[in-house]
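[1] Have a look at this prediction, sequence included:
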Amino acid sequence: AIGERRAKAERMFSLMDGFLKNDPLTLQKDILNHVEYTVARSRFSFDDFEAYQALSHSVRDRLIERWHDTHVYVKRTKPKRLYFLSLEFLMGRSLSNSVINLGIQDQYAEALSQLGFEFEVVAEQEGDAALGNGGLARLSACQMDSLATLDYPAWGYGLRYEYGLFRQIIVDGFQHEQPDYWLNYGNPWEIERIHVTYEVKFYGTVEEVEMNGEKHQVWVPGETVEAVAYDNPIPGYGTRNTINLRLWAAKPSNKFDLEAYNTGDYINSVVNRQRAETISNVLYPDDRNHQGKELRLKQQYFFVSASLQDIIRRFKEAHNNFDELPDKVALHLNDTHPSLSIAEIMRILVDEEHLVWNKAWDIACKVFSFTTHTVVAEGLEKIPVDLLGSLLPRHLQILYEINFKFMEELKKKIGLDYNRLSRMSIVEEGAVKSIRMANLSIVGSHAVNGVSKLHLDTLKMNTFKDFYELWPEKFQYKTNGVTQRRWIVVSNPSLCALISKWLGTEAWIRNADLLTGLRDLVDNTDFHQEWKMVKKVNKMRLAEYIETMSGVKVSLDAMFDVQVKRIHEYKRQLLNILGIIHRYDCIKNMDKNDRRKVVPRVCIIGGKAAPGYEIAKKIIKLSHAVAEKINNDTDIGDLLKLVFIPDYNVSVAELVIPGADLSQHLSTAGHEASGTGSMKFMMNGCLLLATADGSTIEIIEEIGSDNLFLFGAKVQEVAELREKGSTLKVPLQFARVLRMVRDGYFGHKDYFESLCDTVEIGNDFYLLGPDFGSYLEAQAAADKAFVEPEKWIKMSILSVAGSGRFSSDRTIQDYAERTWKIDPCRCPL
Ligand code: 7GP
């Protein structure tokens, strides 16, 4: 029988001609085959979009090969695996990133060009996968790239939303939201796994049953939904390893509701079943506020339950003792969104696997680690007990039990300090009794991470002070990073080529520390010349885009000054706009002579506001109102322009960031946990104008305060300033520009009133007034540096040279070694 099987295997093997080949001719044939057999168009006539479809399927085939090999290899090797649980992944486009990581970009470009297509044009056809809101979600995407590149045996788990983050369209300067039904044109980057499904239960009751003389709690659910896996291969760079991002979609369960069918209400019962799909329908578009929505809780549990069933199944395939779980599995909670995992793993271990509670809890605490992405306690998730108890009755019991045991242990350590006990309790007793997800995550994890050094300090001193004092060893920080593959290699090919040429190697693409080698070139004038050209090319690209999007023609000699990120009061886009008004006002009042000295600026603002965030929406409108005034003022001409770039997303960022000269990061000190945008800009040779907040402090350590424009109150000063309240002093210029808005200089007087109120003395929580003077000084310093091109270029080179520390490779390696305790598992070639 063995001989027969082997013969059959050999026959099968000879049918396949080894791995797919990657020479341009093979790729050409391959693309044409996909045009004809996958896209079902004629190979003699297809357009750019069809070329994109065929091309991406050809790339997908190659991804699948490596993804399979990686999977088989890891399965055989049985290393400890990391499971990265995140409700959001902001992947953007996949085509360019994939061919670059696979190392076959040139071959594809040649193949396409022989077919009469241009790679860049075809790549533009792809839409963004926007299954996330902002920083947290893009960080997950960067980290997946690093996990694959560094050969870690890791899986990502998330939700396959049918509607990604809304598209922002601007009508009359107001933001409108349009649904992003991104799957309309198909998604070649995913593999539907119709056989990888799990049942996820909701509602119902808990019954106590006796089994072998022991009491067990059994959850009798009231509703069952099916989770179907969609796998997204994530290729590493310079390695065969291709890891998996598994996203779950909700489908009606195949369990029939016999009752309904028997009573003959066929149509209605089908319609009801279909409602299951709503669970994974839409991403919540708010990055801070999800309190108390049932659908949101359902999403969280749906994702947690399916992922854990999958993970436990895989573990049990290879191991038969749960004591081994912490040696084989690391579960990472990306913020509190997946923190129901802690209750769910207890339910599985205790109710289903019949482990005793203490043993199960010991295992759980060794398996979980947690990263928080916010600063303020008010931003932390809470779930009303009533809601949780009705949707997940057994989990509520488990949470109470976890909390009871935690409180008992705590009393032994700190005594009956009721204030502190109640602050640390997982259950908040208040008007609305709630579960504090952050407290749960801290109690159930062996490591709690901040995302920058300053962030950890804030957590230790304020947000999680009580917990820090209890478990100082749990608290750590891993400063965020971004992947240089996407943020230089994909998005800035000219800079990529320049760096490789002058460093004489491409090794920095896998080891960003090598970028420090650029420091040796800081005085090299030939290098300067080429550096300048690269920026110019990127500015041209951006200028073209601006003209198409907004009709505004901008001068390439102007300083491109950019602020792109989610719109939030703490990020202070309003400070930027008020600064622009001040600049406009100054220019208006200058004579001809002085005007000659003005450094021309193109101010670029972009970002989405959460649909229900009124003040943020007013900031968007104000930026349009001011732009309209300035851009149509012929007296100003090219000295100042303001453009709002609509629908800021990953692929817009890929265009904007390389073209920027200056980028602004204006958060009130102590409010930005880390900030990752600044890292992408510095990697692209753009200078930063920033407050001493989040990871900027560490950026300064790396490049020195001479190489960026720092301003504003420091964290320690912020508290003092706030205490002054209405006795605060603010500069006259601030009062003046605010008055201009109030008086209707930009129209919409009434509409902007409440916005102006938020920064009036006594009300100015984010301290725009007190920081305004120092902000203007930093802006003046930037102007001054810009007119000394040599100086500017040096600062720019030193920024890139110092950006290696902010590669997500460094972050991931740190997590792997210190928190997850996982080793690389490199699939042989
Ligand atoms: C963001 C933080 O605001 C940002 O400072 C940080 O760089 C980023 O996470 C990555 O760590 N937070 C979010 O995007 C977010 O949704 C709510 O926070 C939990």
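    All right, it came through fine. Keep in mind the model is a prediction, meaning the values are calculated, not measured.
[2] Assess the claim that residue 807 and residue 485 are in contact.
    No. Contact criterion Cβ atoms under 8 Å: residue 807 and residue 485 do not qualify, at 9.4 Å. For every residue, glycine as well, the C-beta is placed using N, CA and C.
[3] near the ligand, which residues of the stretch 101-250 of the chain show up?
    Residues of the stretch 101-250 of the chain lying close to the ligand by Cβ under 6 Å from any ligand atom are 133-136, 139.
[4] and the residues you listed, which of them are in helices?
    Using DSSP state H, the subset of those located in helices is 135-136, 139.
[5] Could I get those in CSV, plus columns for distance to residue 421, neighbour count and pLDDT?
    Shown next, in CSV, are those (distance: Cβ to Cβ, whole Å; neighbours: other Cβ atoms under 10 Å; pLDDT from 0 to 100):
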residue, distance to residue 421, neighbour count, pLDDT
135, 34, 23, 97
136, 31, 26, 98
139, 34, 26, 98
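[6] Can you report how many residues neighbour residue 103?
    Residue 103: 13 surrounding residues under other Cβ atoms under 10 Å.
[7] any idea of the mean pLDDT in stretch 544-557?
    For stretch 544-557, mean pLDDT rounds to 97.
[8] What are the buried residues along it?
    Neighbour counts using 16 or more other Cβ atoms under 10 Å place 545-546, 549-550, 552, 554 of stretch 544-557 among the buried residues.
[9] Let's have these in TSV, adding secondary structure and distance to residue 443.
    Formatted as TSV, the buried residues of stretch 544-557 follow (DSSP: H, G, I helix; E, B strand; the rest coil; distance: Cβ to Cβ, whole Å):
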residue	secondary structure	distance to residue 443
545	helix	48
546	helix	50
549	helix	48
550	helix	50
552	coil	53
554	coil	53
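[10] ok and the residue in the stretch 101-250 of the chain nearest the ligand?
    residue 135 (2.9 Å; Cβ to the nearest ligand atom).
[11] ok, that residue to residue 544 distance?
    Residue 135 sits 28 Å away from residue 544, taking Cβ to Cβ, to the nearest Å as the criterion.
[12] Just give me the neighbour total for residue 208.
    8.
[13] For it, I want the exact helix or strand it lies within.
    Assigned by DSSP states H and E, residue 208 falls within strand 205-211.
[14] do residue 25 as well
    Residue 25 belongs to helix 24-33, assigned by DSSP H and E.
[15] Show me the contact partners of that helix.
    Contact with helix 24-33 is made by 20, 43, 51, 54-55, 58, 61, 104, 107-108, 110-112, 114-115, as judged by Cβ atoms under 8 Å, 6 or more residues apart in numbering.
[16] what does stretch 233-244 give?
    60, 63-64, 66-67, 69-71, 98, 100-103, 144-145, 147-156, 189, 191, 231-232, 245, 485, 489, 509-510, 825-829.
[17] Could you report the distance from the closest residue to residue 178 other than its chain neighbours to residue 744?
    With sequence-adjacent residues excluded and distances taken as Cβ to Cβ, 6 or more residues apart in numbering, residue 178 is closest to residue 167, at 4.5 Å. Distance of residue 167 to residue 744, computed by Cβ to Cβ: 31 Å.
[18] Tell me, how many residues neighbour the residue of the stretch 151-300 of the chain found nearest the ligand?
    The minimum distance from the stretch 151-300 of the chain to the ligand, using Cβ to the nearest ligand atom, falls at residue 287 (3.5 Å). Using other Cβ under 10 Å, the number of residues around residue 287 comes to 23.
[19] One more: residue 438?
    Residues within reach of residue 438, counting by other Cβ under 10 Å, total 24.
[20] That one is in what secondary structure piece?
    Under the assignment here (DSSP H and E), residue 438 is part of helix 437-444.
[21] One more: residue 784?
    helix 768-786.
[22] same check, this time on residue 165
    strand 163-171.
[23] other SSEs contacting that strand?
    strand 129-131, strand 174-181 (3 or more Cβ pairs under 8 Å, 6 or more residues apart in numbering; DSSP states H and E).
[24] List the single closest residue to residue 824 in space, sequence neighbours excluded.
    residue 151 is the one closest to residue 824 (Cβ to Cβ, 6+ apart), at 3.9 Å.
[25] where does that neighbour land in three-state SS?
    Of the three states, residue 151 takes coil under DSSP: H, G, I helix; E, B strand; the rest coil.
[26] Tell me who's in contact with it.
    Listed by Cβ under 8 Å, 6+ apart, the contact set of residue 151 reads 236, 239, 241, 824-827.
[27] same deal with residue 452?
    477, 479-480, 673-675, 694-695, 697-698.
[28] shouldn't the residue of the stretch 151-300 of the chain closest to the ligand be in contact with residue 165?
    No. Using Cβ under 8 Å, residue 287 makes no contact with residue 165, being 9.7 Å away.
[29] what's the overlap in contacts for those two?
    Common neighbours of residue 287 and residue 165 (Cβ under 8 Å, 6+ apart) are residue 133.
[30] Quick check, pLDDT for the nearest residue to residue 778 once chain neighbours are set aside.
    Nearest residue to residue 778 in three dimensions, chain neighbours excluded: residue 711, at 3.7 Å (Cβ to Cβ, 6+ apart). We have a pLDDT of 98 for residue 711.
[31] count of neighbours near residue 711?
    If you count neighbours by other Cβ under 10 Å, residue 711 ends up with 20.
[32] For it, give the beta-bridge partners.
    residue 691 (DSSP bridges).
[33] Tell me where the stretch 401-550 of the chain has helices.
    Under the criterion DSSP state H, counting those that start in this stretch, the stretch 401-550 of the chain contains helices at 418-424, 437-444, 453-458, 465-470, 484, 493-503, 525-550.
[34] can you list the residues that contact the shortest one?
    Contacts made with helix 484 from outside it, assessed by Cβ under 8 Å, 6+ apart, are listed as 508-509, 512, 683, 803, 807, 809.
[35] And for the second one?
    The contact list for helix 437-444, computed with Cβ under 8 Å, 6+ apart, reads 333, 336-337, 339, 342-343, 364-365, 368, 370, 372, 380-383, 399, 402, 406, 424-426, 448, 464, 467, 471, 474.
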